[in-house]
Every structure is written in C-alpha cells, then in structure tokens.
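Trainee: Dropping a prediction and its sequence here:
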Amino acid sequence: MLMAVIVVSAGLYYLNRSEPTAFFDGFEDGFNMWSLDRDLPMDPNNPGNEVAWRIAVSKEHSRTGQSSALFYIDGSQDDGTIWLEKGFDLRPNSYYEGQITFQFYSGSESFNTMAVVVGYVGITDPEVEEHLAVLGPANKVEGWLEYSYGDNFKTDVKGRAWVAFGISVRWETEMIYFVDDINIIFQPR
C-alpha cells in the first residue's frame, strides 16, 4: 500500500510539472518580437539628444546562418548600455530556472575593458543598466565567444518572464559588436 502511494505521488508530481520552454534565434527572420532598449547619457555635442546608438540585423558577421544582431554605440561619454529584450509567457505562480546563452563577436582582443557583455533573466522588464548582470569583457577575444547567464525565479499571477542581452560602455570610444545563436530555456523547478 505504501509503495502504491509513493508511486502515485511521484507520478502526480511529474504530471504537474510542465515541459521546459525553449527558444532559439539567429536573426534570420529579423528581430522576431525582440525589443530594443537602452540606458544612455545625453550627448553634450548634440544638446537634447542621447549619444548615438543602433541595434540592427546585419549580414556582416554571423556564426551560423547569414544574419546576426549588430550593436553600435558611441561610447565617447564613457557611459551607456544598449540591449535586446524579449518577454515570455510561462505558467503563473510557478518556479523556473531560466538560462540564456549566446554567441558574441568582437573584431579585436584588448587588455582594456572597452565594454562589457550584459545579460538578464527574470520577471521584471529590464529598464536600466543596473537591471542587467555583467557577464564579462566584450573584447576578451577576437572573434566569437559564448556568454551565458541564468537565474531562478517565481512567476507572478501573469506568468511573464524576460530575457535580455547587450553591451555596456566602459571606455571612451565608438564600438561595434555582433550577437548570434541565442538559446533560451525556462526549466520548471
């Protein structure tokens, strides 16, 4: 009898767990509901305007396929963060382990930290630089390098979760980087 209760309990536990939610993107079809966001200083050389920046689909560099996301920012003010973000609908009031992994391209290696790669996984729509975690220097290698970020969280009654990735300026210069092959997984806990 006890064994039957254990088997039934274990079966109900696994039946009530949902399957992981997974998403992959390489920007072959554009931004697929990705939103562009930023936290930028004003440009003293162009009063009333933020420093120049751009996030666009590019065919200049790609890890797989033919497209990637280009990140450009004028870092002359030694400040500024730009990122792509995407919301996901998960089960409400549920625990998840979220993970984002992506390929990041730098045209040069540098011992100076020109910019850092940033990422986010959680239940709040990231709106300022402080919401994003620093994952490492952007110019760690010349070429492609994988970055990853994960976190555990509980969804609210709406079940909404967010992921984001981008760059944050650390050196006074203009900079361009590329991102490709984004893998996202939300594993129920």
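Mentor: Sure, I can see it. This one's a predicted model, so the numbers in the text were calculated from it and none came from an experiment.
Trainee: just the strands in the chain please.
Mentor: 21-25, 35-39, 53-58, 68-74, 81-89, 95-106, 115-122, 133-137, 143-154, 160-169, 174-188 (DSSP state E).
Trainee: So which of these is nearest Pro47?
Mentor: Counting by Cβ to Cβ, Pro47 lies closest to strand 68-74 out of the strands of the chain; the figure is 15.1 Å. All C-beta spots, glycine's among them, are computed from the backbone N, C-alpha and C.
Trainee: That closest one vs strand 81-89, what angle?
Mentor: 140 degrees (axes from the mean of the first three to the mean of the last three Cα atoms, to 10 degrees).
Trainee: tell me which residues in strand 68-74 are buried?
Mentor: Neighbour counts over strand 68-74 (16 or more other Cβ atoms under 10 Å) mark 68-74 as buried.
Trainee: cool, and stretch 116-131?
Mentor: Residues of stretch 116-131 classed as buried by neighbour count (16+ other Cβ under 10 Å): 116-123, 126, 129, 131.
Trainee: need the strands of the chain in CSV with distance to Asn45, can you?
Mentor: Shown next, in CSV, are the strands of the chain (distance: least, Cβ to Cβ, whole Å):
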stretch, distance to Asn45
strand 21-25, 35
strand 35-39, 18
strand 53-58, 14
strand 68-74, 10
strand 81-89, 19
strand 95-106, 26
strand 115-122, 20
strand 133-137, 27
strand 143-154, 32
strand 160-169, 16
strand 174-188, 13
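Trainee: With distance to Asn46 and mean pLDDT as added columns, please give the ones you listed in CSV.
Mentor: Shown next, in CSV, are the strands of the chain (distance: least, Cβ to Cβ, whole Å; pLDDT from 0 to 100):
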stretch, distance to Asn46, mean pLDDT
strand 21-25, 33, 94
strand 35-39, 15, 98
strand 53-58, 12, 98
strand 68-74, 10, 98
strand 81-89, 17, 97
strand 95-106, 27, 98
strand 115-122, 21, 98
strand 133-137, 28, 98
strand 143-154, 32, 98
strand 160-169, 17, 98
strand 174-188, 14, 98
